[in-house]
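>>> Need a 3D model of the sequence below.
(chains A and B)
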Amino acid sequence: MATPLPPVVEVDGIVTRFGAKTVHDGVSFSVARGTLAALIGGSGTGKSVLLREIIGLHRPTEGSVRVLGTDMWHAPAADVAAVRRRFGMTFQDGALFSSLTVAQNVAVPLTEHTAVDAAVRDDIVRLRLAQAGLHADDGAKMPSELSGGMRKRAALARALALEPEILFLDEPTSGLDPTTARAFDSLVRSLVDDLGITVFLVTHDLDSLLTVVDRLIVLAAGKVLADGPVRDVVRLDHDWIRSYFSVRTMLGESPRRTDGS
Amino acid sequence: MSDDAAEQRVVLSADGRHLELAGPWRLGELPRIGPALAPLRLQPPLTIDGGRLTALDSAAALALLRTIDAAGVSAEAIEWRGFAAANRRVLDDVLRRRAAMTEPAPRARRRWLAEVGERTTVIYRQGADHLNFLGEATAAFAELLAGPRRLRLRELTAQLEQACLNAIPVVILVTMLIGVVFAYLLGLQAEQYGANIFVVDGVGIGMSREFAPIIVAVIIAGRSGAAFTAQLGSMRLTEEIDAIRTLGLSPMQVLVVPRVLALLIALPLLSFIGLVAGLVGAALVADAMLGIPPAAFADRLHGALDIRHVWAGLIKTPVFALAIAIVGCRMGMHVGRDTRAVGLATTSTVVQSIVSVILLDAAFAVLFQEMGI
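Residues are numbered from 1 along each chain as shown, chains lettered A, B, ... in the order given. Below is the predicted model of the structure:
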């Protein structure tokens, strides 16, 4: 995936400490435009914290984060606010506004940040619902009436509202059944291929990793353990990586692994 | 390309058959692109040239397709020309999705009469559910009588601390102020007739029969009733109540009984504290404004305030407590499974329990009247 374009996400020397506990000890990587990158790591390695640091919700102890060229922690607030309009984020449980219908949820960023008139806005909302794989009738539902999979799709539709250049997804397929999860994967893939959106996701879903993801970043012991195309990372000879992907080997489904140990 | 406001985004040939798009076509540009599109008179067969587009996103592509639709040109009759590969993909994506997009079914409009009817049935069902829950709670108390060891003493003491002990300061503050205001207003009237001493009669009977029980019940409805709903509601949200049931325990015994019992104990006690605080407040005003020293106040109170008035006030409080606790617990136990529902239920608990306290008080007034108490 060598692209000449400048990276859209640059994480440089991130150090995160909670009291005496160091979660990140110099994490650096960058993500190029138009890729589908995944961040993996064991529980407690600070994947979600890192994601929150990238999108500007949690201040890292040291280091810098640049999203679309803007330093999320040192640039003026107005610049950061402008960048926020150019990326979308979905949270693990959707984080839909519970007092609004799905359609109203998707319309929130459009009414707040654009000057389009109501008819166009409603049409865009319908397009977003369709892009997220929801039926037009689902727009009238309240978040409490949705299943887990639909909730994630609705959150994706809201994240897509402003046509972001980057999408950050926190465990997009967790809690979904395999069929729904695969459908979500191909949906995300088509956003990258058809709309040219860069996607950065945190996941534990091996199937997502092995089927749709371009690039894998492995976080362990506060550092980036591996970074590269999925098939290269899977081949790496490292205990954690080997055990992480061993489930596949057990099922005899990993033709990508070469070492026979 | 510079982002010039005057820059042409669309150029249409004179015969309306050749449309050229230029510049960035993005969601943020729609307020500029929309007005440029609106006056165009498109004619089939149409050729659309995207060679000078610097960007095209799906929202802008949608706006273009809307205009084409509005002009009555079918999307199949268009020749797309010169689009960069990435823009073409976006366009195809939107074309495909738009073909599959349907108008959502309009939600049925509700008439006011239907609304009134629906609200009425909700209130009716709510009342029936409360009664049902009262029955369940009674059954749980009966179980408790059969096996007193089922009582969760630790939970009961925790609830007593919350609902009773911690409420004492606010109860004293509020009832004392009510006593002050009440004595002052009565004093203004009584002074005109030189009947200062009768203020003690009025305050004594008023505070003990009505003010102390009602004011304290309202405070507890806002404090503990709302807390019960919020606590039980969030426990239901996090499936803790389901876990209790799965572990073979009864949520009624574990959660509801200690709370109901705590309020049954707390409200009479707090009401008595409120009564004393109210009388102290009245005595302060009587001393300062009406020239009745505390000793004379106490002496008059002893003579004028029959003990039956105090009982008439206190006897009501367990009933108020039961109403508050049952409403608070039921609203929490039966809350909908989303965070918004917990907030709504908590608000509803406060309103419902205060209203039921006032209604019960009116019923008691009629009852006491008939009994001649």
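>>> and chain B, which of its residues are near chain A?
With C-beta under 8 Å from any C-beta of the partner chain as the criterion, chain B comes near chain A at residues B:26-28, B:30-31, B:34, B:57-59, B:62-63, B:66, B:86, B:89-90, B:92-94, B:97-98, B:100-105, B:107, B:336-341. Any C-beta I mention is one placed from the backbone N, CA and C, and that applies to glycine too.
>>> What subset of those residues is buried?
Neighbour-count burial (16 or more other C-beta atoms under 10 Å in any protein chain shown) is assigned, among those, to B:26-28, B:30, B:34, B:57-59, B:62-63, B:66, B:86, B:89-90, B:93-94, B:97-98, B:101, B:104, B:338, B:341.
>>> so of the residues of chain B next to chain A, which ones are in helices?
B:30-31, B:34, B:58-59, B:62-63, B:66, B:86, B:89-90, B:92-94, B:97-98, B:100, B:339-341 (DSSP state H).
>>> which stretches of the stretch 151-261 of chain A have low pLDDT?
Residues of the stretch 151-261 of chain A meeting the criterion pLDDT under 70: A:247-261.
>>> all helices of it, in order?
Here the stretch 151-261 of chain A has its helices, by DSSP state H, counting those that start in this stretch, at A:178-195, A:206-211, A:230-235, A:239-250.
>>> How about the stretch 1-150 of chain A?
A:47-54, A:77-84, A:102-113, A:118-131, A:148-160.
>>> Please determine how far residue B:226 is located from residue B:345.
10 Å (C-beta to C-beta, to the nearest Å).
>>> So which of the helices of the stretch 1-150 of chain A is the most surrounded?
helix A:148-160 (a mean of 24; mean count of other C-beta atoms under 10 Å in any protein chain shown).
>>> give me the residue from the stretch 151-300 of chain B nearest chain A.
Going by C-beta to the nearest C-beta, chain A is nearest to residue B:237 of the stretch 151-300 of chain B, at 11.0 Å.
>>> quick one, phi psi at that residue?
phi -60, psi -40 (degrees, to the nearest 10).
>>> cool, residue B:81 as well?
According to degrees, to the nearest 10, residue B:81 has phi -140, psi 140.
>>> show me what contacts residue B:63?
A:120, B:30, B:33, B:34, B:37 (C-beta atoms under 8 Å, 6 or more residues apart in numbering or on different chains).
>>> pLDDT (mean, whole number) over stretch A:33-50?
When pLDDT is averaged along stretch A:33-50, the result is 88.
>>> That stretch near chain B anywhere?
No - Stretch A:33-50 stays clear of chain B (C-beta under 8 Å from any C-beta), getting no nearer than 8.9 Å.
>>> Quick check: end-to-end length of that stretch?
19 Å (C-alpha to C-alpha, to the nearest Å).
>>> now swap in stretch A:217-225 and tell me
By C-alpha to C-alpha, one end of stretch A:217-225 lies 8 Å from the other end.
>>> Now that stretch: buried residues?
Of the residues in stretch A:217-225, A:217, A:218, A:219, A:220, A:222, A:224, A:225 count as buried by neighbour count, 16+ other C-beta under 10 Å.
>>> could I get these as a markdown table with distance to chain B?
Below are those laid out as a markdown table (distance: C-beta to the nearest C-beta, whole Å):
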| residue | distance to chain B |
| --- | --- |
| A:217 | 25 |
| A:218 | 30 |
| A:219 | 29 |
| A:220 | 31 |
| A:222 | 31 |
| A:224 | 30 |
| A:225 | 34 |
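>>> Now go through these and say which are in strands.
The strands, defined by DSSP state E, take in A:217, A:218, A:219, A:220, A:224, A:225 from the buried residues of stretch A:217-225.
>>> pretty sure the second one is touching residue A:242, no?
Pointing back at residue A:218 there. No - contact criterion C-beta atoms under 8 Å: residue A:218 and residue A:242 do not qualify, at 11.7 Å.
>>> which one is residue B:227 nearest to, not counting chain neighbours?
Leaving aside its chain neighbours, residue B:227 sits nearest to residue B:162 (7.1 Å; criterion: C-beta to C-beta, 6 or more residues apart in numbering or on different chains).
>>> Just confirm that neighbour is within a strand.
No - read with DSSP: H, G, I helix; E, B strand; the rest coil, residue B:162 is helix and lies in no strand.
>>> That one against residue B:224, yeah?
Yes - counting by C-beta under 8 Å, residue B:162 touches residue B:224, with 7.1 Å between them.
>>> and those two? which has more neighbours close in?
Between residue B:162 and residue B:224, counting by other C-beta atoms under 10 Å in any protein chain shown, residue B:224 is the more crowded of the two (28 against 18).
>>> List the residues that contact residue B:256.
Here residue B:256 is in contact with B:137, B:140, B:329, B:333 (criterion: C-beta under 8 Å, 6+ apart).
>>> If we use 6 Å, what do you get?
For residue B:256, the contacting residues are B:137, B:329, by C-beta atoms under 6 Å, 6 or more residues apart in numbering or on different chains.
>>> where does it fall, helix, sheet strand or coil?
helix.
>>> ok, back up a step: CSV please, covering the buried residues of stretch A:217-225 and showing distance to residue A:96.
Shown next, in CSV, are the buried residues of stretch A:217-225 (distance: C-beta to C-beta, whole Å):
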residue, distance to residue A:96
A:217, 28
A:218, 31
A:219, 28
A:220, 33
A:222, 33
A:224, 33
A:225, 34
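>>> Check these and tell me the two furthest apart.
Greatest spatial distance in those: A:217 and A:222, 13.6 Å, computed using C-beta to C-beta.
>>> what's around the closest residue to residue A:219 other than its chain neighbours, how many residues?
Once flanking residues are discounted, residue A:219 sits nearest to residue A:41: 3.4 Å by C-beta to C-beta, 6+ apart. Counted with other C-beta under 10 Å, the neighbours of residue A:41 add up to 22.
>>> Touching, residue A:41 and residue A:47? I think so.
Yes - using C-beta atoms under 6 Å, residue A:41 is in contact with residue A:47, at 5.1 Å.
>>> Now for those two: what residues contact both?
In contact with both residue A:41 and residue A:47: residue A:219, using C-beta under 6 Å, 6+ apart.
>>> Poorly predicted segments of the stretch 101-250 of chain B, please.
B:102, B:104-107.
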